[in-house]
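Participant: everything below, folded, please.
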Amino acid sequence: MIVEVTRGNLVESVHHVAAFACTANGDVLLESGDADSPVYLRSAAKPFIAAAIIAAGVSERFALDEREIAVMAGSHSGQLFHLNAVRSILRKIGMDESALLCGAHYPYNEKAMLAMLKRGEPPRAIHNNCSGKHAGILALCRLLDADTATYLEPGHPAQRLILAFCARMCDEDPQQWPLGVDGCGIPVYATSLRRAALSFARLATLEGVDAADAAALAAVRAAMLARPEYVAGMGEFDTELMRSSRGSVLSKGGAEGVHGAAVLSLGFGFTSKVLDGTARARAPFSLASLQRLGALSAEQMERLARFVHPVVYNRAGRAVGEIRSI
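Facilitator: Numbering: from 1, shown residues only. Next up, the predicted model:
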């Protein structure tokens, strides 16, 4: 299964994609390419990281609302409402932006970025797309009475708790996982697309996990589907897929061409990885695959048309090709 990039009548580039889809019982619905080699899930793991934080009792302790939980599970684009949600979490736990160790970058949202440039305002850690997750981890540190200055370390109590939860979702041993350092500094685990799809199937169905973990998954799932704009941002792929599916598909992408989806309507999980890491192939491939699996209707695909067949423009704004999954 590949994604083609055309220019005129010719295929100019080709992206190969591996994918896997299964039910919570392990029934295989789709397998393409290598589904068993370890893949860093990157930000596609955020729903499970957020669920680990919720399972520990952070939501009750600090009275978190849906927008705060959604931004914890999201990769936000730096719009003002995203920043306000992160600030709200920090305020509730008695901390400020200086505690965020995720590093700084300009907002992904173009308007927000241009407004900052016009003001001559440099980016801060709160503008980082992962600042919501980091605020959630700091809340977990507060709950555990753990050091907030070393929360990036794999051996930190908060990270051990998070990795243990994520491992339970895929029936794996966290001690055996390859660990790397994510773009925002936290430990990032690698698992197979097969195991990751099982995690998303469990997120879709709440089956195959104990009651406490299921309750945490349900809380994160509900927040992401109720407030999808906090997961990515207005006009962004994850947000628009969740909005267009009207709550039947939960979507979370990650760096290097990773994508995961929990299909509530049909009870399965889907994961994919663009092998060369190119983000432009992710949405066309995932949408075509989800449609083949019956998760998206023709009407929903039409609403998502700009992600299904993105247009390739030249520097003058002329349409010169398209990106398509075949």
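Participant: what is the burial count for residue 28?
Facilitator: Applying other Cβ atoms under 10 Å, we find 13 residues neighbouring residue 28. Where C-beta positions appear, they are placed from N, C-alpha and C, glycine not excepted.
Participant: can you check the pLDDT for it?
Facilitator: The per-residue pLDDT reported for residue 28 equals 98.
Participant: which strand residues bridge it?
Facilitator: residue 22 (DSSP bridges).
Participant: now swap in residue 272 and tell me
Facilitator: Beta-bridge partners, per DSSP bridges, of residue 272: residue 19, residue 259.
Participant: tell me where the stretch 101-250 of the chain has strands.
Facilitator: Applying DSSP state E, counting those that start in this stretch to the stretch 101-250 of the chain gives strands spanning 179-181, 187-191, 249-254.
Participant: turn the ones you listed into JSON lines, including distance to residue 44, mean pLDDT and mean neighbour count.
Facilitator: Shown next, in JSON lines, are those (distance: least, Cβ to Cβ, whole Å; pLDDT from 0 to 100; neighbours: other Cβ atoms under 10 Å):
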{"stretch": "strand 179-181", "distance to residue 44": "14", "mean pLDDT": "97", "mean neighbour count": "12"}
{"stretch": "strand 187-191", "distance to residue 44": "10", "mean pLDDT": "97", "mean neighbour count": "21"}
{"stretch": "strand 249-254", "distance to residue 44": "4", "mean pLDDT": "98", "mean neighbour count": "27"}
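Participant: mind putting those into TSV with distance to residue 101?
Facilitator: Converted to TSV, the strands of the stretch 101-250 of the chain look like this (distance: least, Cβ to Cβ, whole Å):
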stretch	distance to residue 101
strand 179-181	12
strand 187-191	13
strand 249-254	20
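Participant: among those strands, which is nearest residue 170?
Facilitator: strand 187-191 (5.3 Å; Cβ to Cβ).
Participant: can I get that closest one in CSV? Just the C-alpha atoms.
Facilitator: Output of strand 187-191 as CSV, limited to C-alpha atoms (Å, rounded to 0.1, in the frame of the first residue of the first chain):
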residue,chain,number,x,y,z
PRO,A,187,10.9,8.9,27.2
VAL,A,188,9.3,7.5,24.0
TYR,A,189,8.6,3.8,23.7
ALA,A,190,8.7,1.6,20.6
THR,A,191,6.2,-1.1,19.9
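Participant: paired strands for it, with orientation please.
Facilitator: By DSSP bridges, strand 187-191 pairs with strand 39-40 (antiparallel), strand 179-181 (antiparallel).
Participant: run the chain-centre distance for the first one.
Facilitator: Just to be clear, that refers to strand 39-40. Strand 39-40 sits 13 Å away from the centroid of its parent chain (Cα atoms, centre = their mean, to the nearest Å).
Participant: which parts of the protein are helices?
Facilitator: Using DSSP state H, the helices assigned to the chain run over residues 46-55, 58-62, 66-72, 80-92, 110-119, 131-144, 157-170, 193-205, 211-226, 237-244, 282-292, 298-303, 305-308.
Participant: next up, the contacts around residue 53.
Facilitator: Each residue near residue 53 by Cβ atoms under 8 Å, 6 or more residues apart in numbering is listed here: 72, 136, 137, 139, 140, 162.
Participant: could I get the helices of the chain as JSON lines with distance to residue 275 and mean pLDDT?
Facilitator: Converted to JSON lines, the helices of the chain look like this (distance: least, Cβ to Cβ, whole Å; pLDDT from 0 to 100):
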{"stretch": "helix 46-55", "distance to residue 275": "22", "mean pLDDT": "98"}
{"stretch": "helix 58-62", "distance to residue 275": "36", "mean pLDDT": "98"}
{"stretch": "helix 66-72", "distance to residue 275": "29", "mean pLDDT": "98"}
{"stretch": "helix 80-92", "distance to residue 275": "31", "mean pLDDT": "98"}
{"stretch": "helix 110-119", "distance to residue 275": "28", "mean pLDDT": "97"}
{"stretch": "helix 131-144", "distance to residue 275": "26", "mean pLDDT": "98"}
{"stretch": "helix 157-170", "distance to residue 275": "21", "mean pLDDT": "98"}
{"stretch": "helix 193-205", "distance to residue 275": "11", "mean pLDDT": "98"}
{"stretch": "helix 211-226", "distance to residue 275": "27", "mean pLDDT": "98"}
{"stretch": "helix 237-244", "distance to residue 275": "19", "mean pLDDT": "98"}
{"stretch": "helix 282-292", "distance to residue 275": "11", "mean pLDDT": "98"}
{"stretch": "helix 298-303", "distance to residue 275": "24", "mean pLDDT": "95"}
{"stretch": "helix 305-308", "distance to residue 275": "20", "mean pLDDT": "96"}
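Participant: distance to residue 40 added to those, as a markdown table?
Facilitator: Below are the helices of the chain laid out as a markdown table (distance: least, Cβ to Cβ, whole Å):
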| stretch | distance to residue 40 |
| --- | --- |
| helix 46-55 | 13 |
| helix 58-62 | 25 |
| helix 66-72 | 20 |
| helix 80-92 | 24 |
| helix 110-119 | 26 |
| helix 131-144 | 15 |
| helix 157-170 | 12 |
| helix 193-205 | 10 |
| helix 211-226 | 21 |
| helix 237-244 | 18 |
| helix 282-292 | 15 |
| helix 298-303 | 29 |
| helix 305-308 | 23 |
